[in-house]
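In: okay, sequence plus prediction incoming.
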Amino acid sequence: MAAFAEGTRTWEQSRYDEFLKGTTHGVAISSDGFLWLAPDFKLIASTPASAVWATAVGADGELYAATGAPARVYRIRSGGQPAAIFTPQELEVQALVIDKSGVLYAATNPDGKVYRLEPPKAGGENAAGRAGESGSGWTSSVFFDPKTKYIWSLALDGSGNLYVATGDHGEIFRVSPNGEHTLFFKSDEPHIRVLTLDPRGNLIAGSDGSGLVYRITPGGEGFVLYSARKREITSLAIDQGGNIYAAAAGEKRSGNTLPAITVPAPPPPKNGDSGAAGQAPAPESMTVNNSAAVPGGSEIYRISPDGSPTLLWNSHDQLVYALAFDRRGHLLAGTGNRGEIFEVSGREDYVELMKAEASQVTAFAKAPDGGLYVSTSNLGKIFRLDSGRNEAGSYESDIFDAQVFSRWGRAAIRSQGHVELFARSGNVDNPDRNWSQWKKIDLERDAEITAPPARFIQWKAVLHPGEPAPRVDSVTLHYLQKNVAPEFDDVTVTPGVRYQPAARPPNLEPGQRFDPPPNPIHDHDAIGVKWTVGDLNDDQMVYSVYYRGDGESRWLLLKDGLNERFYSFDASLLPDGGYTIKVTASDSPSHSPGEALESERESPRFEVDTTPPEIKDLKASIEGGRIRVRFQAADSFSTIKRAEYSLDAGEWHFIEPVGQLSDGKSENYDFSLPLSAARAGEEHVIVVRAYDRFDNMNSAKALVSGR
């Protein structure tokens with residue numbers, strides 16, 4: 001936030017929305033406007049896939065990852081590279097779970113199937129010459145084919161029963177360990193998107209279509225716990241107290257049969273290849289959507305054990321893909337499309353923990369020692385999130401534009417713990433284009449900013465662990481702009497207009513600057529002047545208005561000390577003639593004497609004529625049964641525009657001058673009117689009037705005797 005005071009100015013950042021504009025490196029941003037050291041977050045594996053949709057952790061701590069584009073299941077050992085153990089012909093491996101014996105169940109899309117993946121027999125890897133690193137030794141078989149297009153989620157209960165959430169018809173199947181299956185639950189929604197089990201063995205399911213959260217008993221009896229305001233339930237999590245947390249996204253609307261946000265597109269075939277044999281092409285709707293494609297953003301709800309719902313968090317531009325709890329029981333939300341992880345504590349109480357080097361955070365899985373594995377898409381990577389803080393973190397502010405070349409003063413920081421502050425500056429808006437180096441600000445002494453004077457500046461805070469824990473509340477930089485003279489765009493003069501200032505809006509704070517726009521009012525006797533002027537320093541300005549007549553060399557003052565950017569005066573103050581207006585603008589209200597700058601601008605030439613034309617030699621007589629009228633209209637400055645007559649208070653009628661063209665300062669008129677016999681003996685009144693080019697009017701009358 002930039003504060004535009006007179007003279008020395010300040011740029012302060014202290015709010016969440018301000019800190020969001022910067023770049024974090026191991027630093028978290030809290031919703032109440034603090035910078036903290038973020039938890040340790042490290043990349044542990046990169047896959048060739050565009051998305052990692054699910055992960056599962058084996059008994060020995062090995063990690064399994066389900067990916068899409070291409071569809072694979074990878075095994076990742078500590079410190080090792082991902083090794084493919086399963087390569088189906090479908091486009092995606094969407095869901096993955098592991099049972100107590102180490103058997104994996106992998107669900108694919110589209111034309112969804114559930115595959116059973118069994119590890120090598122004892123000694124199998126050694127017999128293969130450690131071929132397990134490349135996937136050899138694992139066996140796969142179709143465990144369940146629900147004959148549906150999509151399988152979205154899998155869940156295993158304590159007895160080894162596998163629950164399969166499907167699309168197209170919104171069905172959930174239960175498959176026993178021996179492969180026998182039954183239709184466990186059928187909804188009236190197009191898709192069942194996510195599954196989880198509560199401590200009592202109830203299956204909690206979220207749908208796409210109406211955004212419903214179901215509780216389904218072991219007997220298959222379903223009950224809608226909540227109908228979200230969003231279209232799709234994208235993730236579920238249950239805490240130790242039995243509270244259900246549900247994330248939802250997308251606006252509800254009819255006609256959609258595909259989920260809103262979670263289907264990735266495979267890369268296009270190379271060299272005309274149509275893909276693996278038997279592999280179905282991806283439908284056109286299978287894209288990794290962004291927030292523009294899923295209007296409405298996301299919401300997170302908490303459903304308490306008694307069934308009462310609470311809106312916990314919402315965002316207009318974040319899409320929540322995954323929910324989980326860290327070892328302290330804090331709710332984490334993985335989002336897109338900036339790959340951010342939020343820690344959500346309550347309504348309007350959250351922390352942006354970090355940004356992954358990917359577009360979407362798609363899944364969480366608990367690591368054996370209490371950390372979390374974090375999966376992403378675009379690109380398909382796996383990170384590890386631990387509760388311990390980073391050894392150090394840094395935050396780089398956004399680029400501040402002082403508008404003009406400026407000299408930097410001191411910095412002020414509100415913080416605790418061990419925090420270092422740096423600054424750098426430059427004269428282009430990209431720091432990579434030859435800015436100064438980072439200069440440390442000595443906060444123990446005068447906190448002077450030693451970055452060179454320039455137009456742009458940026459600050460950086462480095463947070464070091466210790467007691468108390470480091471925290472940054474606000475950073476303020478002081479600066480002084482080089483004064484620049486005001487610049488005019490134009491000066492406009494309009495005769496016949498009077499300007500009045502618009503009313504001050506009632507919502508402005510006391511002392512807040514208000515530059516009222518001119519409100520034009522038609523006034524024949526006034527002249528309105530308005531001008532457009534700017535000041536790069538945003539200084540307060542004062543104006544003076546001068547005039548000069550044709551052929552004159554001296555400017556005469558009309559008005560000085562003006563604060564508005566317009567002025568009106570009576571036209572009668574100026575004799576008829578041609579004039580030019582000059583307006584000067586000074587920034588003296590914002591500067592010490594001798595430091596102020598001034599500029600001026602002249603208007604185009606304009607003319608003033610407030611004197612009506614004269615009516616001369618008006619004569620009226622009866623000749624040959626007609627009334628003959630003669631007169632002259634003359635103006636000292638402008639041409640005669642038109643003339644009219646009225647007989648005996650009748651309507652006005654236009655008359656042409658002698659020669660018909662009305663193009664001179666003096667025009668003669670000679671016309672006759674028919675006179676009926678019945679009125680030949682009566683007395684008549686003739687009134688004539690003439691207008692000059694500025695619509696000044698004069699009139700005269702003549703009496704005609706009928707005798």
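Out: Now that the structure is in, tell me what you want to look at. Residues are numbered from 1 along each chain as shown.
In: who does the helix or strand in which S415 is found touch, helix- and strand-wise?
Out: Secondary structure from DSSP states H and E places S415 in strand 400-416. Helices and strands touching strand 400-416, by 3 or more C-beta pairs under 8 Å, 6 or more residues apart in numbering; DSSP states H and E, are strand 9-13, strand 418-426, strand 454-464, strand 471-481. C-beta coordinates here come from the backbone N, C-alpha and C atoms, glycine included.
In: name the nearest residue to V462, ignoring sequence neighbours.
Out: The shortest distance from V462 to any non-neighbouring residue, by C-beta to C-beta, 6 or more residues apart in numbering, is to E420 (4.4 Å).
In: enumerate every residue touching that neighbour.
Out: K440, L443, A461, V462, H464 (C-beta atoms under 8 Å, 6 or more residues apart in numbering).
In: turn the residues you listed into JSON lines, including neighbour count, distance to N696 and pLDDT.
Out: As requested, the contacts of E420 are exported to JSON lines (neighbours: other C-beta atoms under 10 Å; distance: C-beta to C-beta, whole Å; pLDDT from 0 to 100):
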{"residue": "K440", "neighbour count": "12", "distance to N696": "74", "pLDDT": "96"}
{"residue": "L443", "neighbour count": "14", "distance to N696": "73", "pLDDT": "93"}
{"residue": "A461", "neighbour count": "21", "distance to N696": "71", "pLDDT": "97"}
{"residue": "V462", "neighbour count": "19", "distance to N696": "76", "pLDDT": "97"}
{"residue": "H464", "neighbour count": "14", "distance to N696": "82", "pLDDT": "95"}
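In: from these, which is closest to E118?
Out: Nearest to E118 out of the contacts of E420 is H464 (C-beta to C-beta; 49.4 Å).
In: what is the closest one paired to in the beta sheet?
Out: Beta bridges link H464 to H418 when assigned by DSSP bridges.
In: so where is the stretch 601-707 of the chain shaky, pLDDT-wise?
Out: 677-680, 706-707 (pLDDT under 70).
In: ugh, wrong one, I meant the chain
Out: The model of the chain has pLDDT under 70 over residues 1-6, 122-136, 253-296, 511-512, 677-680, 706-707.
In: what helix or strand is the residue nearest the centre of it on?
Out: Nearest to the mean C-alpha position of the chain, by C-alpha atoms, centre = their mean, lies D317 at 9.3 Å. Assessed by DSSP H and E, D317 sits outside every helix and strand.
In: my read is that it contacts G336, right?
Out: No: between D317 and G336 there is no contact under C-beta atoms under 8 Å: 10.0 Å.
In: for the nearest residue to R693 once chain neighbours are set aside, give its distance to N696.
Out: Leaving aside its chain neighbours, R693 sits nearest to S638 (4.2 Å; criterion: C-beta to C-beta, 6+ apart). For S638, the distance to N696 equals 8 Å [C-beta to C-beta, to the nearest Å].
In: shared neighbours of those two, anything?
Out: With C-beta under 8 Å, 6+ apart as the test, S638 and N696 both reach D609.
In: what sits against G167?
Out: G112, T148, K149, Y150, I151, W152, P190, H191, I192, D208, L258, P259.
In: which strand residues bridge the fifth one?
Out: Just to be clear, that refers to I151. Counting by DSSP bridges, I151 is bridged to T166.
In: from A700, how far off is it?
Out: I151 is 100 Å from A700, by C-beta to C-beta.
In: kindly report the same for the fourth one.
Out: Per C-beta to C-beta, Y150 is found 95 Å from A700.
In: of those two, who's got more company?
Out: Shown here are Y150 and A700; by other C-beta atoms under 10 Å, Y150 has more neighbours (27 against 16).
In: is that one in contact with A107, as I believe?
Out: No: with contact defined as C-beta under 8 Å, Y150 does not reach A107; the gap is 9.1 Å.
In: overlap in contacts of those two?
Out: Q94.
In: quick one, domains of the chain?
Out: The chain breaks down by automatic domain parsing into domains covering 2-38+392-481, 40-124+132-270+286-389, 487-608, 614-704.
In: which of the ones you listed is buried the deepest?
Out: domain 40-124+132-270+286-389 (a mean of 19; mean count of other C-beta atoms under 10 Å).
In: end-to-end on that domain?
Out: Across domain 40-124+132-270+286-389, the terminal residues are separated by 5 Å (C-alpha to C-alpha, to the nearest Å).
In: could you do stretch 85-102 as well?
Out: End to end - C-alpha to C-alpha - stretch 85-102 spans 14 Å.
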